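Q: Have a look at this prediction, sequence included:
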Amino acid sequence: MNHAARLLSSSLLLVPASAAAGEQIVMLAGEVEAGPPDHVFVEFEVPAGTLELEVRHDDLSEANILDWGLYDPSGFRGWGGGNPDPAIVGVDAASRSYLPGPIAPGTWRVVIGKAKIEEAPATYQLEIVLRTAPTLAPQLERTAYAPVAPLSTQPRWYAGDFHVHSRESGDAQPDLDEIATFARSRGLDFVEISDHNVLTQNDFIGAAQGGHPELLLIPGMEFTTYAGHANAIGATTWVDHKIGQPDVTIAGAVAGFRDQGALVSLNHPALDLGTFCIGCAWDHEIDATTIHGIEIATTGLDQAGALFDDQAIEIWDDLCDAGAHLAALGGSDDHRAGVDLGTFQSPIGDPTTMVYARELSVAGILEGIRNSRTVVKLQGPDDPMVVFEPQRAAIGDTVWSDTPVGYLVTVDHGEGYTLHVVRDGIADDGVGVVGDPFATSFEVTSPADRETRSRVELHDEAGRRVVTSHVWQRACSAETCSEPPDTTSGAEADTTEANTTNVSGPPDSEGSAGEDTTSSPASQSSPASGCGCGTTRQRSTPVSAAMVALALLGRARRRRARTV
């Protein structure tokens, strides 16, 4: 007997309520046992000629929390989660979190998710209204999602937020216009609309994007389960979240997102708040080498980020130690477009993630994440900016070299902070940031038999404030380099050379969070041979004080030119 049949055996058909003309009401009640599976189904029949249906649901308990969704005979029609509003589905319109379309006759199913059952068994009541005439006006603004042309074709650092909810999440309120207006007011260049287990928000991006030519709306989904939440950045095709149902697994979900070109990141992996945030901490077994990023900061430091960021970064380092190359991302988890926030809630932009992209487009931002060209400002857009780049071309996020590679770090608006280089999860003693802009450099020699990774962090007296993604480095091999490895280049060392040069330059002029403050990083290009190490017998150019000074002078000149 399947899950639906077991549940239906304990369901009761109640006496229908009084129906209006053109309506038929079916009432069902039943019980849901605690324990697996996490989702069960209640079936009902839809007759031919139905043009709209409404599902009113009640978990009949103050202690229990049940989630709600809907399937038609062909498949998924929406997921309201814990939203108490009824689900309305019609041919030309639907309530939030649900899909409009033909109302096929046959067996439909209400999905019940066991979010929290403290009083077992959990009881429920369903009132299903079948109509031959719609009550919702046609939603002409809904259109199939299509990528827009780049909003900017300038290669630079773009500022954004990868975790924003619209009203299509059952627990959120704002529409896309409110989100875009608020995000742009904070100087952001993009936001990802990551609603819970639905992509209905994508239907409204086309209408909203035209009114916001400077703010890119990125499609996505917060893949929300009772044992962890993941971010599907760029998702446009729905993937089932009901882990434990036949053929529904975490590995399959990741593959489903990857197959459509979306990138998968773990959201707030350390956010263990029990029933206050159901399933927020990551507790699934996953091959981290199959995903692309991790949310190291959820909400700004002043709100609640300081409580969980360090733990999230420890998880990041553990996954990287195991071989995963994960870009650092940040997200506000805003549900209200910055309005009427609670004590621990953050507005859009707190924190801010900077992405180096060739253009302001969905494809450009995704490419930047794939290459780990990200910097997370843990509080928000006004935090200092740190640019960390190797002085040798990389393939994606990795530099291949048999000779020491120089790295240049530049900081804007960071005077008084302390800069740390973190090598394979171990931070150095740090150096004080003096002057604005500020620069320092160091060298890394590739280990002989493994890869190594470096990132840069900016700290204030309270701890981390800005964190870059890693640049990975490893020795060349016959498979990856245009020539055999150079065995005489001193590759036996595997420690970071402590050659730092601190240079302060002229004051920086103010700019928006997404202002281009650097030239295109060296790591954005690679030689035609397909190897980032080029000719392996050519020693890398050391990063000298003169190079640092020239870099700072060029940056200062570019900033002055833009402020004219």
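A: Structure received.
Q: Quick check: residue 175 touching residue 205?
A: No: proximity of residue 175 to residue 205 does not meet the contact threshold set by C-beta atoms under 8 Å, at 11.3 Å. Placement of C-beta: from N, CA and C, glycine included.
Q: higher neighbour count, these two?
A: For residue 175 versus residue 205, the count of surrounding residues by other C-beta atoms under 10 Å is larger for residue 205: 23 against 17.
Q: Leaving out sequence neighbours, find the closest residue to residue 369.
A: With C-beta to C-beta, 6 or more residues apart in numbering as the criterion, residue 369 has its nearest non-adjacent residue at 4.9 Å, and that residue is residue 327.
Q: swap in residue 237?
A: residue 260 (4.8 Å).
Q: Quick one, grab the pLDDT at that neighbour.
A: pLDDT recorded at residue 260 is 98.
Q: my read is residue 37 is in a helix, agree?
A: No: using DSSP: H, G, I helix; E, B strand; the rest coil, the assignment for residue 37 is coil, not a helix.
Q: Distance check, it against residue 448.
A: 49 Å (C-beta to C-beta, to the nearest Å).
Q: Also residue 215?
A: Distance, residue 215 to residue 448, using C-beta to C-beta: 47 Å.
Q: More neighbours: the two, which one.
A: Using other C-beta under 10 Å as the criterion, residue 215 and residue 448 rank with residue 215 on top: 24 against 14.
Q: what residues are up against that one?
A: With contact taken as C-beta atoms under 8 Å, 6 or more residues apart in numbering, residue 215 is in contact with 151, 180, 183-184, 188-191.
Q: hey, what's residue 76 bridged with?
A: Beta-bridge pairing for residue 76 (DSSP bridges): residue 71.
Q: show me what contacts it?
A: Going by C-beta under 8 Å, 6+ apart, residue 76 touches 69, 99, 238, 240.
Q: So what's the residue count around residue 161?
A: 31.
Q: What secondary structure category should be reported for residue 50?
A: coil.
Q: How many residues are close by residue 255?
A: 13.
Q: Now do it, the pLDDT please.
A: The predicted local confidence for residue 255 is 98.
Q: Please report the distance of it from residue 192.
A: Distance check for residue 255 against residue 192: by C-beta to C-beta, it reads 21 Å.
Q: show me where pLDDT drops low in the protein?
A: Scanning the chain for pLDDT under 70 picks out 1-18, 343, 478-564.
Q: okay, now the domains of it?
A: Following automatic domain parsing, one gets these domains for the chain: 3-131, 154-381, 384-564.
Q: Go through these and pick out the most buried.
A: Mean neighbours per residue, mean count of other C-beta atoms under 10 Å, is largest over the domains of the chain for domain 154-381, with a mean of 21.
Q: start to end distance for that one?
A: 20 Å (C-alpha to C-alpha, to the nearest Å).
Q: For the residue nearest to residue 451 when sequence neighbours are not counted, list the residues it contacts.
A: Spatial nearest neighbour of residue 451, excluding adjacent residues (C-beta to C-beta, 6+ apart): residue 474 at 4.0 Å. With contact set as C-beta under 8 Å, 6+ apart, residue 474 has these partners: 398-400, 446-447, 450-452.
Q: beta partners of residue 474?
A: Bridge pairing for residue 474 - DSSP bridges - gives residue 400.
Q: distance of it from residue 367?
A: In this view, residue 474 and residue 367 are 22 Å apart by C-beta to C-beta.
Q: now residue 187
A: 22 Å.
Q: Likewise for residue 472?
A: Between residue 472 and residue 367 the computed distance is 17 Å (C-beta to C-beta).
Q: one step back: quick check: the farthest pair among the contacts of residue 474?
A: Using C-beta to C-beta, the pair of the contacts of residue 474 lying farthest apart is 399 and 450, separated by 14.2 Å.
Q: ok, back up a step: if I read this right, the residue nearest to residue 369 contacts residue 293, doesn't it?
A: Yes: counting by C-beta under 8 Å, residue 293 is a contact partner of residue 327 at 4.1 Å.
Q: Please enumerate the shared neighbours of the two.
A: In terms of C-beta under 8 Å, 6+ apart, residue 327 and residue 293 are both contacted by the residues 265, 369, 374.
Q: Provide the secondary structure category for the second one.
A: Going back to what we said before, that points to residue 369. Put simply, residue 369 is helix when judged by three-state DSSP.
Q: start to end distance for stretch 313-332?
A: 16 Å.
Q: Sorry, slip of the keys, the one I care about is stretch 135-150.
A: 39 Å.
Q: Give the buried residues for it.
A: 136, 142, 145, 148, 150 (16 or more other C-beta atoms under 10 Å).
Q: Against residue 156, how distant is the last one?
A: This points to residue 150. Going from residue 150 to residue 156 by C-beta to C-beta gives 12 Å.
Q: Then the second one?
A: Applying C-beta to C-beta, one obtains 33 Å for the distance of residue 142 from residue 156.
Q: All the strands of the stretch 251-400 of the chain, in order from the start?
A: With strands called from DSSP state E, counting those that start in this stretch, the stretch 251-400 of the chain shows them at 263-266, 293-298, 327-331, 352-357, 374-377, 385-390, 398-400.
Q: which neighbours does the second one have in its sheet, and in what orientation?
A: This means strand 293-298. Strand pairing (DSSP bridges) places strand 293-298 next to strand 263-266 (parallel), strand 327-331 (parallel).
Q: next one: the longest one to chain centre, how far?
A: Which is strand 327-331. Centroid separation for strand 327-331 versus its chain: 7 Å, with C-alpha atoms, centre = their mean, to the nearest Å.
Q: Restricting to C-alpha, output that strand in CSV.
A: Written as CSV, here are the backbone C-alpha positions of strand 327-331 (Å, rounded to 0.1, in the frame of the first residue of the first chain):
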residue,chain,number,x,y,z
ALA,A,327,32.8,29.8,-3.5
ALA,A,328,32.1,32.0,-0.5
LEU,A,329,28.6,33.6,-0.7
GLY,A,330,26.4,35.7,1.6
GLY,A,331,22.7,36.3,1.8
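Q: quick one: it to strand 352-357, angle?
A: Strand 327-331 and strand 352-357 meet at an angle of 140 degrees, taking axes from the mean of the first three to the mean of the last three C-alpha atoms, to 10 degrees as the criterion.
Q: Contacts for strand 327-331, please.
A: By C-beta under 8 Å, 6+ apart, the residues outside strand 327-331 that reach it are 161-164, 192, 194, 231, 265, 267, 292-298, 316, 351-353, 369-370, 372-378, 397, 455, 467-470.
Q: can you list the strands of the stretch 251-400 of the chain in CSV and add distance to residue 413?
A: Below are the strands of the stretch 251-400 of the chain laid out as CSV (distance: least, C-beta to C-beta, whole Å):
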stretch, distance to residue 413
strand 263-266, 27
strand 293-298, 19
strand 327-331, 18
strand 352-357, 13
strand 374-377, 11
strand 385-390, 7
strand 398-400, 28
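Q: circling back: the buried residues of stretch 135-150 into a markdown table, with extra columns for distance to residue 45?
A: Output for the buried residues of stretch 135-150, formatted as a markdown table (distance: C-beta to C-beta, whole Å):
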| residue | distance to residue 45 |
| --- | --- |
| 136 | 22 |
| 142 | 27 |
| 145 | 32 |
| 148 | 42 |
| 150 | 49 |
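Q: With respect to residue 223, which of those residues is nearest?
A: residue 145 (17.5 Å).
Q: Would you check how far apart that closest one and residue 237 are?
A: Using C-beta to C-beta, one gets 10 Å for the distance from residue 145 to residue 237.
Q: if I look at those two, which residues touch both of them?
A: Common neighbours of residue 145 and residue 237, counting by C-beta under 8 Å, 6+ apart, are residue 199.
Q: looking at it, residue 224 is touching residue 241, isn't it?
A: Yes: using C-beta under 8 Å, residue 224 makes contact with residue 241 at a distance of 6.2 Å.
Q: residues shared between the contacts of those two?
A: With C-beta under 8 Å, 6+ apart as the test, residue 224 and residue 241 both reach residue 197.
Q: Can you show me the CA trace of stretch 363-373 as PDB?
A: Output in PDB follows, covering the C-alpha atoms of stretch 363-373 (Å, rounded to 0.1, in the frame of the first residue of the first chain):
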ATOM      1  CA  ALA A 363      25.400  34.000 -17.100                       C
ATOM      2  CA  GLY A 364      28.100  36.500 -16.100                       C
ATOM      3  CA  ILE A 365      27.300  36.200 -12.400                       C
ATOM      4  CA  LEU A 366      27.100  32.400 -12.500                       C
ATOM      5  CA  GLU A 367      30.500  32.300 -14.300                       C
ATOM      6  CA  GLY A 368      32.000  34.500 -11.500                       C
ATOM      7  CA  ILE A 369      30.800  32.000  -8.900                       C
ATOM      8  CA  ARG A 370      32.200  29.100 -10.800                       C
ATOM      9  CA  ASN A 371      35.500  30.800 -10.900                       C
ATOM     10  CA  SER A 372      35.300  31.600  -7.100                       C
ATOM     11  CA  ARG A 373      35.600  35.300  -7.900                       C
END
